[in-house]
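In: Just the structure for this:
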Amino acid sequence: MEKDLFFYYKYIVRFLFYNKSAYLSNLNCFLIPKFNKIHLFFEILDLVDLDDSKVMNYFYLFRFFFGKKAFYSHYRTRFSLNVLYHNFLVNLVFTKSEIYFCIYFFFN
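Out: Just a heads-up that it's a prediction; the model follows:
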């Protein structure tokens with residue numbers, strides 16, 4: 001299925017973009033960028049409880065819909081008014097032929 005999505009992006013999406021951008025009359029369809037890597041992330045700010053279902057929903061979204069495990073980064077804590085706040089990013093990186101399903105998912 002990933003090869004079909006590559007065909008869809010390479011020959012259909014790029015062609016539609018080229019035709020819809022009539023204001024760019026000197027645009028060559030081969031100059032439309034090709035993606036090498038897509039980095040998806042969601043920022044979680046001021047989370048009081050780390051066991052909140054909000055955090056697991058992002059991991060579940062990536063694992064169920066995209067089939068990849070997510071990871072978190074930029075973890076910071078802030079203590080204010082006797083409450084500990086947590087801030088971090090939930091990340092996912094797509095490379096090579098995996099990115100076309102991601103693009104197709106967000107276009108639909």
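
In: so what's Phe59 up against?
Out: When contacts are counted by C-beta atoms under 8 Å, 6 or more residues apart in numbering, Phe59 is found next to 69-70, 90. (C-beta placed from N, C-alpha, C; glycine too.)

In: Looking at the residues you listed, which are in strands?
Out: Residues of those located in strands (DSSP state E): Val90.

In: just the contacts of Phe59 now: which is nearest Asn57?
Out: Among these, Val90 lies closest to Asn57 (C-beta to C-beta), at 9.6 Å.

In: Got the confidence number for Tyr100?
Out: Looking at Tyr100, its pLDDT is 73.

In: right, and it touches Val13 too?
Out: No: counting by C-beta atoms under 8 Å, Tyr100 stays clear of Val13, with 9.3 Å between them.

In: Common neighbours of these two, please.
Out: Common neighbours of Tyr100 and Val13 (C-beta under 8 Å, 6+ apart) do not exist.
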